[in-house]
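Participant: sequence and predicted structure are below.
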Amino acid sequence: MLLEVDTLQSGYGSAQVLFGVTLSIAEGEAVTLMGRNGMGKTTTVRTIMGLLRATSGRVRWRGRDVTRAAPHIMARAGLGLVPEGRHIFPNLSVRENLVMAERRRDTGREAWTFERVIDFFPRLGQRLGNAGNQLSGGEQQMLAIGRALMTNPDLLILDEATEGLAPVVREEIWTRLGQLKQTGLAILVIDKELEELTALADRHYIIEKGEIVWSGASANLMADKRVHETYLGV
């Protein structure tokens, strides 16, 4: 197993948010983490990445306990994060945002280079000299994904993959994620687009008030309207 999260607990100060989250991702697998706002999705990602300290439970990467590992250790190990809000460097150019993240790793797949990222997102190639804060929201998301790919990760984590983007841009992002899955890259994605998520992913987890309350395959999720209404409705 690539990533194993076992009864993970964490929070912010005295406010506990996660109450025993358990999930796993295999090599080359696409998995979603779904739930309404404020249920612990981003906290789960931040705790896995070492940006937030776990108070209990375990995170294992390729069987190794990395529960207390720092974020840069997790990145070097092969986890690439596309955070909610994108967090690109606003004063660096598109080229600089990409080049600064470059890391060569032997993943057994074709390496992600600057040229390959530009081929993957042609729109970025038209904006190489533009600063991050001169890009549209969709271009910033492409840049955030490209930056994560430049680290040559084994697992790409996307927190709110298409939030706030125009429909045509959302469609392009989902197409690109499908192409990434075909390369054998494992993906953990958070988003609210149920149809697109079920088309992309092999398995799904639903989190409610810091606990995993449902997990299963796409066919099971689409067939269970009760789950939609109980855990995914606004």
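Facilitator: Right, received. Where do you want to start?

Participant: now the helices: where do they sit in the chain?
Facilitator: For the chain, the helices defined by DSSP state H cover 41-48, 71-77, 94-99, 114-120, 122-125, 137-149, 167-182, 194-200, 218-223, 225-227.

Participant: run through the residues that contact the closest residue to Ile206 other than its chain neighbours.
Facilitator: Once flanking residues are discounted, Ile206 sits nearest to Trp214: 4.2 Å by CB to CB, 6 or more residues apart in numbering. For the C-beta atoms, the positions are set from N, CA and C on the backbone; glycine is no exception. Counting by CB atoms under 8 Å, 6 or more residues apart in numbering, Trp214 makes contact with His204, Tyr205, Ile206, Leu221, Val227, Tyr231.

Participant: go again with 7 Å.
Facilitator: Contact analysis of Trp214 by CB atoms under 7 Å, 6 or more residues apart in numbering lists Ile206, Val227, Tyr231.

Participant: ok, and the most crowded of the residues you listed?
Facilitator: Ile206 (23 neighbours; other CB atoms under 10 Å).

Participant: so that residue sits against Gly35, correct?
Facilitator: Yes: counting by CB atoms under 7 Å, Gly35 is a contact partner of Ile206 at 5.5 Å.

Participant: overlap in contacts, those two.
Facilitator: Contacts common to Ile206 and Gly35, judged by CB under 7 Å, 6+ apart, are Tyr231.

Participant: my guess is Val17 contacts Gly40, does it?
Facilitator: Yes: using CB under 7 Å, Val17 is in contact with Gly40, at 5.1 Å.

Participant: any shared contact partners between these two?
Facilitator: With CB under 7 Å, 6+ apart as the test, Val17 and Gly40 both reach Gly210.

Participant: which one of those two has more residues nearby?
Facilitator: Neighbours were counted for Val17 and for Gly40 using other CB under 10 Å; Gly40 has more, 24 against 20.

Participant: what residues are up against the nearest residue to Ala111 once chain neighbours are set aside?
Facilitator: Once flanking residues are discounted, Ala111 sits nearest to Asn152: 5.9 Å by CB to CB, 6+ apart. For Asn152, the contacting residues are Arg103, Arg104, Arg105, Thr107, Ala111, Trp112, by CB under 7 Å, 6+ apart.

Participant: redo those as TSV? Include pLDDT and distance to Asn133.
Facilitator: Below are the contacts of Asn152 laid out as TSV (pLDDT from 0 to 100; distance: CB to CB, whole Å):
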residue	pLDDT	distance to Asn133
Arg103	87	25
Arg104	84	29
Arg105	78	30
Thr107	76	32
Ala111	90	29
Trp112	95	24
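
Participant: those: which two are farthest apart?
Facilitator: Longest distance between any two of these is 10.8 Å, between Arg103 and Thr107; criterion CB to CB.
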